[in-house]
Structure formats: C-alpha cells, structure tokens
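A.B. asks: sequence and predicted model, in that order:
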Amino acid sequence: MADPMRIRAQAAGDKTTVRVLMSHEMETGLRKDSAGKVIPAWFIQEVTATHNGKPVLSADWGPSISKNPFMQFVVKGAKPGDKIAVTWVDNKGDKRTDEATVS
Amino acid sequence: MSKQILVGVAALALCAGVSAQKSTADGIAEYRKMLEDGNPAELFEAKGEELWKQKRGPKNASLEACNLGQGPGVVKGAFVTLPRYFADTGRVQDLEDRLVTCMATLQGFDAAEIAKTPFGRGEMANVTALATWVAGMSRGLRFNLPQSNPLERTSYEIGKRAFFYRAGSHDFSCASCHSEDGKRIRLQDLPNLTKNPGDGIGFAAWPAYRVSNGQMWSMQLRLNDCYRQQRFPYPGFASEVTIALGTYMGVNAKGAESIAPAIKR
C-alpha cells in the first residue's frame, strides 16, 4: 500500500487553491542499479481530482515527473467544508486516493 | 517550470557580471520559496510521527517514553537543545544517536546494527524519518544548547578543533569553506559556521530534503558527505567527532531560528 498524500485546500474568494504532495518513487526505467541492472519503470500514469465527487481535473503523467511530486491547481466555486479528493494510478496498477476538506 | 526560471536568472546574472551576484542569490531564494510550498520533507515527517507511536521491534514497544532531554515523551523543543549530555548513557548525544539509544532500550533493536546500516536503508531510513519529525516539532524555536556539563564543553572544544583540522589529499578542513562570510560553491551560498549564521541557515536547516536526488538528509548524513567532499575517510555514524561538530555548530547557532526540515536544491 502506498504512503498517504498530503492535500491542502484553501479557499480565497470563489477560488480554492489545492496543493498536493504525493509520495512516489517515480522511476523512469532508464536508471541502472549498482549491479548494472535496469531499474524497472515505476511511475504515476493517471491523476484525477474531484470536487464533492464531481471530476475537476484529470492528467496523464509520465516518467519525466520528479520523485515525490508536488501538484497545485485552482478549483473555481469550491467553498469551505467541500471535499476535494485526489487519486493517482501508477503503471503497476497501484492506486491511492486521499481526501481533504476545503478550509 | 521553477527550474527554467532559475536557469534564466542564472544566465542573466552571468551576463551582468559581478554586480548581479545579489540577484543570483535572490533567484535561488525565490526558487526555494516556490519549493517550500510543497516540501516533500512533510512526507518524511508524517512517516516519522507514525514510527514514534507505532509498537515495533523485538520488545514490541513505541518510542513514546523516549527521553530526548526534555523528559520522557517530550518532543517539542528537544531538537533545539541537542546535542546535549545524557546521564543514562554518560555521554553527549545528538538527535539521531539519542533516537538509536531509545530504539535499543525501549524497542530492543541492535544499536550497533543500525549504526552500520547505510543511510536511506532499513532502520537507518526510519531513524532519519524520526529525526525529521522531531526536528519539525521545534520549527520556529531558537537554538539554545546547554553547556553546563563539563562533557558538553569538551564536546564543543573537540568540535572546534575538528572543524579547523586540515588533512587529506586536498589539505582541507571544514573551515576551508565555512569560516568566512559571503562564500559560494557554484550557486550555493556557504554559511559561516564559526558564528551564528542567521535564522534557518546551516545547523538550523537540517534535516533537509534534497530535490536534486529526492533524498531526506539528516545532519549525520550531511556531515558524512562533508567529509567525503574533503576527501577524508568516512566518519562512523554518530561517532564522537560528528556529535562534537554538531555541538560546535549548535552552540555557535545560539538564538538562530530552526526551519528544519528545510528544502535544498
């Protein structure tokens, strides 16, 4: 099971800024280990976000994204108390969903 | 995106020559500011907090009774008073050494085994996560290391001598890079560690997350790598000299605000 994400969602006016920190190795598949063997690719492929269950963001990611990636986006119309959920799926099929309340 | 901006600022500084050095530093400060918002050190803090409360090891116990110098289980404020003398072990210990002591006495782990583990692996990775969380609990507090015990004063003196000790194939010492104001290595400012280098600089910034390699670096690893750069033999984990250097830097940093865990390029 993957480690939890850290999600912060802060409302200012009608805009809510969401900051997401994900815990992931993000291996490109191009690196070799100390024995010279290729380290298999392992990265987040799909990221989605919902606002009270309604999709607001979907992104296709690849191996060029850094380890432990940070993502920030703005949701229009989200109010304090609303729920923002973020999900990622990696190329091994592992997935993780975390939720935050807008403050 | 932020990396592109940094490169842009650096290129600009090169064109404008010496007078633009200030803006290079400003550019780096700006880059750090952008990264701060999503410092992955937070992930290690969360892991460390969990490890502190979790029942683990041969004795199946948590670390919640661990005494970091402020009494059993008191975490807040401990980081800014370490390294310090501990009566139960009879020596001056830094944060990581003390955590290993607690893991041995409370949880039954083999301290010597942990000390031999490379950084970032097995229980050593857990020590780093714990240190990150403990440091984070003192964020915003000011360094104030005790110097009342004779062993603490001895530790400071050893640290001072080690700091100025020149040796190795390059005839290097810590002081070669860290005893003058305004020095840089490539684009990184080098703090002057012979005095208080200021809030959140030097000793007050580690543990820190290194963006360039995606690793969480504790003070022990920081010192280990300083010795590598000086072409010295690697010091042992939590050896007397590394703790003494911690005492020297910590006492010098008296009054500096801790921002640990920080983020580095």
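C.D. replies: Received it, and whenever you're ready, just let me know what you need. Numbering: from 1, shown residues only, chains lettered A, B, ... in the order given.

A.B. asks: hey, let's count contacts and neighbours off CA atoms from now on
C.D. replies: OK.

A.B. asks: chain A contacts on the stretch 151-265 of chain B?
C.D. replies: residue B:214 (Cα under 8 Å from any Cα of the partner chain).

A.B. asks: mind listing the strands for the stretch 151-265 of chain B?
C.D. replies: Under the criterion DSSP state E, counting those that start in this stretch, the stretch 151-265 of chain B carries strands at the ranges B:183-185, B:188-190, B:208-210, B:215-217, B:262-264.

A.B. asks: next, residue 87: phi, psi?
C.D. replies: By default, I'm working from chain A. phi -130, psi 140 (degrees, to the nearest 10).

A.B. asks: not quite, I wanted chain B
C.D. replies: phi -70, psi -40.

A.B. asks: that one and residue A:13, how far apart?
C.D. replies: 55 Å (Cα to Cα, to the nearest Å).

A.B. asks: try residue B:70
C.D. replies: For residue B:70, the distance to residue A:13 - Cα to Cα - is 44 Å.

A.B. asks: compare the two (neighbour count), which wins?
C.D. replies: Neighbour count, other Cα atoms under 10 Å in any protein chain shown: between residue B:70 and residue A:13, residue B:70 has more, with 14 against 10.

A.B. asks: tell me how many other residues crowd residue A:81.
C.D. replies: 12.

A.B. asks: of the strands of the stretch 151-265 of chain B, which is nearest residue B:60?
C.D. replies: strand B:215-217 (26.5 Å; Cα to Cα).

A.B. asks: show me what the closest one is in contact with.
C.D. replies: B:41, B:44, B:120, B:128-129, B:206-210 (Cα atoms under 8 Å, 6 or more residues apart in numbering or on different chains).

A.B. asks: who does it pair up with?
C.D. replies: Here strand B:215-217 is paired, per DSSP bridges, with strand B:208-210 (antiparallel).

A.B. asks: quick one: mean pLDDT over the partner strand.
C.D. replies: Strand B:208-210 carries an average pLDDT of 92.

A.B. asks: list the buried residues of that strand.
C.D. replies: B:208-210 (16 or more other Cα atoms under 10 Å in any protein chain shown).

A.B. asks: and if you look at stretch A:17-31?
C.D. replies: Within stretch A:17-31, the residues that count as buried by 16+ other Cα under 10 Å are A:17-24, A:26-28.

A.B. asks: repeat for stretch B:216-224
C.D. replies: By neighbour count on 16+ other Cα under 10 Å, the buried set for stretch B:216-224 is B:216-221, B:223-224.

A.B. asks: and if you look at stretch B:72-84?
C.D. replies: For stretch B:72-84, burial by neighbour count (16+ other Cα under 10 Å) applies to B:75-84.

A.B. asks: likewise for stretch B:33-42?
C.D. replies: B:35, B:38-42.

A.B. asks: format those residues as CSV; extra columns: pLDDT, distance to residue B:244 and secondary structure.
C.D. replies: Output for these, formatted as CSV (pLDDT from 0 to 100; distance: Cα to Cα, whole Å; DSSP: H, G, I helix; E, B strand; the rest coil):
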residue, pLDDT, distance to residue B:244, secondary structure
B:35, 70, 32, helix
B:38, 78, 33, coil
B:39, 85, 29, coil
B:40, 87, 29, coil
B:41, 89, 26, helix
B:42, 88, 28, helix
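
A.B. asks: among those residues, which ones lie close to chain A?
C.D. replies: Checking those against chain A (Cα under 8 Å from any Cα), the matches are B:38, B:40, B:42.

A.B. asks: would you mind giving those as a markdown table with distance to residue B:140 added?
C.D. replies: A markdown table is the format used below for those (distance: Cα to Cα, whole Å):
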| residue | distance to residue B:140 |
| --- | --- |
| B:38 | 18 |
| B:40 | 19 |
| B:42 | 16 |
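
A.B. asks: the nearest residue to residue B:184 once chain neighbours are set aside and chain A: what is the separation?
C.D. replies: Excluding its sequence neighbours, the residue lying closest to residue B:184 (Cα to Cα, 6 or more residues apart in numbering or on different chains) is residue B:190, at 5.1 Å. Distance of residue B:190 to chain A, computed by Cα to the nearest Cα, to the nearest Å: 26 Å.

A.B. asks: repeat for residue B:120
C.D. replies: In terms of Cα to the nearest Cα, residue B:120 sits 13 Å off from chain A.

A.B. asks: helix, strand or coil for that residue?
C.D. replies: Under DSSP: H, G, I helix; E, B strand; the rest coil, the three-state class of residue B:120 is coil.

A.B. asks: worst-scoring helix or strand of chain A, pLDDT-wise?
C.D. replies: Lowest by mean pLDDT, DSSP states H and E among the helices and strands of chain A is strand A:6-12, with a mean of 90.

A.B. asks: quick one: check that one for contact with chain B.
C.D. replies: Yes - against chain B, strand A:6-12 shows contacts by Cα under 8 Å from any Cα at residue A:6.

A.B. asks: distance from the chain centre to that strand, please.
C.D. replies: Put simply, strand A:6-12 sits 14 Å off its chain's centre (Cα atoms, centre = their mean, to the nearest Å).
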